[in-house]
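Novice: Coordinates for the following, if possible.
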Amino acid sequence: MSPNGEQVLAQLDAYRAHDAPTHGGRVLSYVYDSGLAELDALAGEAAARVQAVNGLDPTTFPSVALMQADLVTFAREVLRGGPATSGAVTSGGTESIMLAVLAARERWRETHPGDPRTPRVVAPTTAHAAFHKAAHYLGLDVVPVPVDPATGTLPAHRLAQHLGEATALAVASAPAYPHGVLDPVTGIAAAAAERGIPCHVDACVGGFVLPWWEGAEPWDLSVPGVTSISADLHKFGYAPKGASVLLVTDPALDRARYYALTDWPGYPVVNPTVLGSRSAMSLAAAWAVVTHLGTQGYADLTAGVARATAEVREVVDGIAGLRVVGEPTGPLLAVGTDPGVPAHQQVDPHAWAQAVAARGFVLQGQPALTQQDGTALPRTTHLTLTPASLGVLLELTEALVAGADDVRGRAAPRTDDGAGAAEVPDPVALARAAREGGELDLPAVLALVEALPREQSARLLVDFLAAFTAPPTGQG
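Specialist: As a prediction, this is how the structure comes out:
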């Protein structure tokens, strides 16, 4: 007998009990909680009303086109694009970035007919992994330009040195996710424009918070030379997951992201995004949230985020053994070991994150990285502050201080056998233990990523996640 509706939902609740909390400000990555319960309810109601709508064909479901037009118009105004700026609502930052890379590749092919070279994306080392993924899918090379380990960014001329005839796209971030630092958008865009190269600004994090953030350097579509920008509605747009905006200043470049086919016996295919059939639920939810909040609503929420960020920054600055990397612009912080204090006072950021997690707050560890020029970006722990952080600010800051006290002077986890060779665990056994026990020793995993060649550690993580998400094997 099939389970009834209540039983099905009870099983879903049991599954959800394993999840980190999505509300309340206790997860400082992945979720962007406005702290407004009515906003979540509104988004849910809007999504339910279009549950059966297929976004594939807006001529059949014009509501899709109307909601998208409203969102693109709002984003164009907030991100200061001109009247010719157009774009699309996508499933997230990765799809927005992939479409921007696709459009740039198509433009490069048009202007370099018969060129046997592989087109390139030139980006700071800190540019989001989505650019690497897009290049992998679309057949481009990525040229990562090293950033200053102390500041988390680079002077524009350093990136400009790598722009050439094979460059299809230059990239800047507003801000870059790893350290929350704003790249020199003005200089990078100018250098790209001088060479006739499109310039994309990845504002997936900053797009709906930096417009109201005091003291930000120019970074949006008003900067000469910026040809496209991505901004996630499901981050500081406070919409449910599955919504981002891509804006393109040149209509011809914008058309290059489309895929159209009439050379088959079925219906004419015209896809403005990667997906064909797609749900309109995230679109409607995002539309409802943006329409309800408006610019004043975002300004008010950003004021709260800025206040929470400033207070957390002040607390971290006062913790012996830790330091904030660079000068972040916006609500992201990267915290690393302070090398200026004696070893017995230093705090390993990954051990710190684990100690803070024991007090009920989830921070995000980031492994160290040796760049192409041999300089090393230190291991850090990432914090994303949201409006919900204000409600738990005292408890959070106390956890940050007490967590550092717990691990100060403790050596970083070893990943070798004592003779310098990295000990590689069985990823399947690691996944099984994590599923059964509910916990994973993330500092040890991140240390392993640092110790192994990156290709080997990537394969290890693929094997781990494949095993972690695999259905249970049948009993013989």
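Novice: ranges for the helices of the chain?
Specialist: Ranges of helices in the chain, per DSSP state H, are 5-16, 37-49, 62-78, 93-111, 129-138, 156-160, 185-194, 251-255, 281-317, 349-357, 393-407, 427-437, 442-451, 454-469.
Novice: which of the ones you listed has the lowest average pLDDT?
Specialist: Least confident of those, judged by mean pLDDT, is helix 427-437 with a mean of 79.
Novice: so who does the nearest residue to residue 372 once chain neighbours are set aside touch?
Specialist: Distance criterion CB to CB, 6 or more residues apart in numbering; nearest residue to residue 372, sequence neighbours excluded, is residue 146 at 5.8 Å. (Each C-beta comes from the backbone N, C-alpha and C, glycine too.) Applying CB atoms under 8 Å, 6 or more residues apart in numbering, we find residue 146 in contact with 124-125, 154, 158, 371-373, 375.
Novice: now the closest residue to residue 379 other than its chain neighbours: how far from residue 347?
Specialist: Nearest residue to residue 379, sequence neighbours excluded (CB to CB, 6+ apart): residue 368, at 4.2 Å. Distance, residue 368 to residue 347, by CB to CB, to the nearest Å: 15 Å.
Novice: out of the two, which sits in the busier spot?
Specialist: Legend: neighbour count by other CB atoms under 10 Å for residue 368 and residue 347, higher for residue 347 (27 against 19).
Novice: so who does the more buried one touch?
Specialist: By CB under 8 Å, 6+ apart, the residues touching residue 347 are 319-322, 337-338, 404, 407-408.
Novice: Quick check: pLDDT value at it.
Specialist: 98.
Novice: excluding its backbone neighbours, what's nearest it?
Specialist: residue 321 is the one closest to residue 347 (CB to CB, 6+ apart), at 3.6 Å.
Novice: Return the residues in contact with residue 44.
Specialist: 240, 285.
Novice: could you check the distance from it over to residue 10?
Specialist: Residue 44 is 20 Å from residue 10, by CB to CB.
Novice: From the contacts of residue 347, list the buried ones, please.
Specialist: 319, 321-322, 337, 404, 407-408 (16 or more other CB atoms under 10 Å).
Novice: Tell me the one among those nearest to residue 440.
Specialist: residue 407 (17.7 Å; CB to CB).
Novice: excluding its backbone neighbours, what's nearest the closest one?
Specialist: Residue 407's closest residue in space is residue 351 (CB to CB, 6+ apart), at 4.1 Å.
Novice: That neighbour reaches residue 409, doesn't it?
Specialist: No. Residue 351 is not in contact with residue 409 according to CB atoms under 8 Å; the separation is 10.2 Å.
Novice: how near is the residue nearest to residue 372 to residue 73?
Specialist: 39 Å.
Novice: go on, residue 116?
Specialist: Taken as CB to CB, the span from residue 116 to residue 73 is 42 Å.
Novice: Neighbour count for the two, which is higher?
Specialist: When residue 116 and residue 73 are compared on other CB under 10 Å, the one with more neighbours turns out to be residue 73, at 13 against 5.
Novice: Skipping adjacent residues, who's closest to residue 159 in space?
Specialist: Nearest in space to residue 159, with sequence neighbours left out and distances taken as CB to CB, 6+ apart, is residue 145 at 4.8 Å.
Novice: go on, residue 246?
Specialist: Using CB to CB, 6+ apart, the closest residue to residue 246 is residue 96 (4.1 Å).
Novice: Residue 262 too?
Specialist: Here the residue nearest residue 262, using CB to CB, 6+ apart, is residue 268, at 5.0 Å.
Novice: quick one: contacts for the residue nearest to residue 246?
Specialist: Counting by CB under 8 Å, 6+ apart, residue 96 touches 90, 204, 230-232, 244-246.
Novice: Go through stretch 161-173 and flag the buried ones.
Specialist: So stretch 161-173, judged by 16+ other CB under 10 Å, has buried residues 163, 166-173.
Novice: got it, and stretch 141-151?
Specialist: Burial within stretch 141-151, assessed by neighbour count using 16+ other CB under 10 Å, is assigned to 142-147, 149.
Novice: would you turn these into TSV with pLDDT and distance to residue 332?
Specialist: Shown next, in TSV, are those (pLDDT from 0 to 100; distance: CB to CB, whole Å):
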residue	pLDDT	distance to residue 332
142	98	22
143	98	25
144	98	20
145	98	21
146	98	20
147	98	15
149	97	17
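Novice: returning to that earlier point: among the contacts of residue 96, find me the one that's closest to residue 394.
Specialist: Using CB to CB, the contacts of residue 96 come closest to residue 394 at residue 232, 29.2 Å.
Novice: give me the beta-bridge partners of the closest one?
Specialist: Beta bridges link residue 232 to residue 244, judged by DSSP bridges.
Novice: I figured it was touching residue 204, is that so?
Specialist: Yes. Counting by CB under 8 Å, residue 232 touches residue 204, with 4.4 Å between them.
Novice: shared neighbours, the two?
Specialist: Here residue 232 and residue 204 share the contacting residues 93, 96, 244, scored by CB under 8 Å, 6+ apart.
Novice: ok, of the residues you listed, which one's closest to residue 326?
Specialist: Within these, the smallest distance to residue 326 is 21.4 Å, found for residue 93 (CB to CB).
Novice: Report how many residues lie close to that closest one.
Specialist: 25.
Novice: quick one: it from residue 427, how far?
Specialist: Distance, residue 93 to residue 427, using CB to CB: 27 Å.
Novice: Kindly report the same for residue 320.
Specialist: According to CB to CB, residue 320 and residue 427 sit 37 Å apart.
Novice: from the contacts of residue 146, which would you call buried?
Specialist: 124-125, 154, 158, 371.
Novice: Which of those fall in strands?
Specialist: Those of these mapping onto strands are residue 124, per DSSP state E.
Novice: Turn the buried ones among the contacts of residue 146 into a markdown table, including distance to residue 356.
Specialist: As requested, the buried ones among the contacts of residue 146 are exported to a markdown table (distance: CB to CB, whole Å):
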| residue | distance to residue 356 |
| --- | --- |
| 124 | 28 |
| 125 | 27 |
| 154 | 30 |
| 158 | 35 |
| 371 | 28 |
